[in-house]
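Participant: structure here, sequence nowhere to be found:
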Ligand SMILES: *Cc1c(COP(=O)(O)O)cnc(C)c1O
């Protein structure tokens, strides 16, 4: 942010097409070519000189407690604005991956399941993710994609809710959700004899009722960057007797979540956005300890068996978070994620949140200063309590 004339990276290659809309706009708007002069804007009052913002950015950078963290990532002099789609590469990852391939796979081979801790990696790394989202050890397991974990969480949550009463036959879903969550919830509804009700995330507390089995809600809206009320919504769903599944894809690693503190039932999220785990890094599933004995996975693979190597024909689920596993873990991606999580060792999520808000505040001021009035509209709430860690700008020809 210290020099707005440094070209930004194109967002065009982002695999999540829907997400590249706002981020393309962001990238384009910070490029030198798109910064209009005041003559071009036709603005009546003189704008403050650009150097004022640039100087302020330099001063802020110099005082930044997290400044040294940039060096923990492989970043050239580009201003990378797509961390909400694919986090940058932490420097520790290539060396660790090379070691895993050469030594653990190449030399130890099958012994590594035990000796290199491969078998227990999903729970071990799950606990590290847990620390970042306010979950005590033993409740988070890493594996599969977010989509698959949404499926496990929603179906298992419906099963728990229906033990409380078979009349609970509705799944509420955030109506502006990232599409995969909605597709999976629709299938989960059909499989469990429920109906799916799309509801605005902010209206969940009033939409829940005696027929609510589960509410599936995003902590932060992937398009607008709006932060939803996790404590209030969770309490309202509980008051109605239902369970809530939170999707943390855009909040884990960006802001404090407090899963245990707020009594969340189940949660899922990916690790390749704010957790920098790399393309295709495994997702995670949180099952609150209180629900674990009744967590009845719709995908009871052998990795979730109490005695996986007993090769029994009858299924007996493991205790604890391992009950959320399915098949053989994707070790290479998982250990890349583990190495990537090292960047958090000396950083608190509170410090990251403070910097994130400072950056998005500053970015919005730059937009106000650089962009002709009315040219773009920010979809991201100005209030800190309602903002995630991104800025989304609506612009008629964002692609261009
Ligand atoms: C990024 C994202 C996903 C991605 O799901 P995958 O199965 O990991 O590809 C799902 N839900 C939300 C809300 C997301 O932001």
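Facilitator: Great, that's in hand. In this text the structure is predicted, and so the values were computed from the model without any measurement. Numbers count the residues shown, from 1 in each chain.

Participant: near the ligand, which residues of the stretch 51-200 of the chain show up?
Facilitator: Residues of the stretch 51-200 of the chain lying close to the ligand (CB under 6 Å from any ligand atom) are 145-147, 178, 180-181. In this view, the C-beta of every residue, glycine as well, is placed from N, C-alpha and C.

Participant: between those, which sits nearest residue 165?
Facilitator: Checking those against residue 165 with CB to CB, the nearest one is residue 181 at 24.7 Å.

Participant: for residue 156, grab phi and psi.
Facilitator: Phi and psi for residue 156, reported as degrees, to the nearest 10, are phi -60, psi -40.

Participant: let me know whether it touches residue 293 as I believe.
Facilitator: No: at 11.8 Å, residue 156 does not count as touching residue 293 under the criterion of CB atoms under 8 Å.

Participant: neighbour count: the two, which is higher?
Facilitator: Taking other CB atoms under 10 Å, residue 156 and residue 293 do not tie; residue 156 has more neighbours (27 against 11).

Participant: can you name the residues that contact that one?
Facilitator: Residues counted as contacts of residue 156 (CB atoms under 8 Å, 6 or more residues apart in numbering) are 266, 287, 295-298.

Participant: repeat that for 7 Å
Facilitator: 295-298 (CB atoms under 7 Å, 6 or more residues apart in numbering).

Participant: helices of the stretch 1-150 of the chain, residue ranges please.
Facilitator: Using DSSP state H, counting those that start in this stretch, the helices of the stretch 1-150 of the chain run over 20-30, 38-41, 50-63, 92-99, 112-115, 121-132, 146-164.

Participant: for residue 368, which of these is the nearest?
Facilitator: Minimum separation from residue 368 across those (CB to CB) falls at helix 50-63, 10.2 Å.

Participant: where's the closest one relative to the chain centroid, distance-wise?
Facilitator: 30 Å (CA atoms, centre = their mean, to the nearest Å).

Participant: report the buried residues of it.
Facilitator: 50, 53-54, 57, 60 (16 or more other CB atoms under 10 Å).

Participant: go on, stretch 114-127?
Facilitator: 116, 118-119, 121-123, 125-127.

Participant: got the phi/psi numbers for whatever residue of the stretch 251-400 of the chain ends up closest to the ligand?
Facilitator: Residue of the stretch 251-400 of the chain nearest the ligand, by CB to the nearest ligand atom: residue 270 (4.3 Å). Torsion angles at residue 270 (phi, psi; degrees, to the nearest 10) stand at phi -100, psi 170.

Participant: columns mean pLDDT on top of the helices of the stretch 1-150 of the chain, output as JSON lines?
Facilitator: Shown next, in JSON lines, are the helices of the stretch 1-150 of the chain (pLDDT from 0 to 100):
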{"stretch": "helix 20-30", "mean pLDDT": "38"}
{"stretch": "helix 38-41", "mean pLDDT": "45"}
{"stretch": "helix 50-63", "mean pLDDT": "90"}
{"stretch": "helix 92-99", "mean pLDDT": "98"}
{"stretch": "helix 112-115", "mean pLDDT": "98"}
{"stretch": "helix 121-132", "mean pLDDT": "98"}
{"stretch": "helix 146-164", "mean pLDDT": "97"}
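
Participant: show residues contacting the longest strand along the chain.
Facilitator: Longest strand of the chain, by residue count under DSSP state E: strand 212-218. The contact list for strand 212-218, computed with CB under 7 Å, 6+ apart, reads 154, 157-158, 161-162, 168-174, 177-178, 181, 185, 194, 201, 204, 208, 228, 233, 237, 240, 242-247.

Participant: the residues you listed, buried ones only, as a PyMOL selection?
Facilitator: Of these, the buried ones can be selected in PyMOL as follows, counting by 16+ other CB under 10 Å:
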select buried, resi 154+157+158+161+162+168+169+170+171+172+173+174+177+178+181+185+194+201+204+208+228+233+237+240+242+243+244+245+246+247
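
Participant: from the contacts of strand 212-218, which land in helices?
Facilitator: Among these, the members falling in helices (DSSP state H) are 154, 157-158, 161-162, 181, 185, 204, 233, 237.

Participant: what about the residue positioned nearest the centre of the chain, distance to the ligand?
Facilitator: For the chain, the residue nearest the mean C-alpha position is residue 249 (1.9 Å; CA atoms, centre = their mean). According to CB to the nearest ligand atom, to the nearest Å, residue 249 stands 3 Å off from the ligand.

Participant: residue 142 now?
Facilitator: Distance of residue 142 to the ligand, computed by CB to the nearest ligand atom: 12 Å.

Participant: per-residue pLDDT, that residue?
Facilitator: The confidence metric pLDDT takes the value 98 at residue 142.

Participant: measure the closest residue to residue 258 other than its chain neighbours to residue 178 for me?
Facilitator: Excluding the flanking residues, the one nearest residue 258 by CB to CB, 6 or more residues apart in numbering is residue 134, at 4.1 Å. Going from residue 134 to residue 178 by CB to CB, to the nearest Å gives 22 Å.

Participant: cool, and residue 67?
Facilitator: Taken as CB to CB, the span from residue 67 to residue 178 is 32 Å.

Participant: just residue 238 next, same as before
Facilitator: 24 Å.

Participant: same question, residue 135
Facilitator: From residue 135 to residue 178 the distance is 22 Å (CB to CB).

Participant: with residue 128 instead?
Facilitator: 24 Å.

Participant: need the contact list for the nearest residue to residue 105 once chain neighbours are set aside.
Facilitator: Sequence neighbours aside, residue 112 is the residue nearest to residue 105 in space, at 6.7 Å (criterion: CB to CB, 6+ apart). Applying CB under 7 Å, 6+ apart, one finds that residue 112 lies in contact with 104-105, 118.
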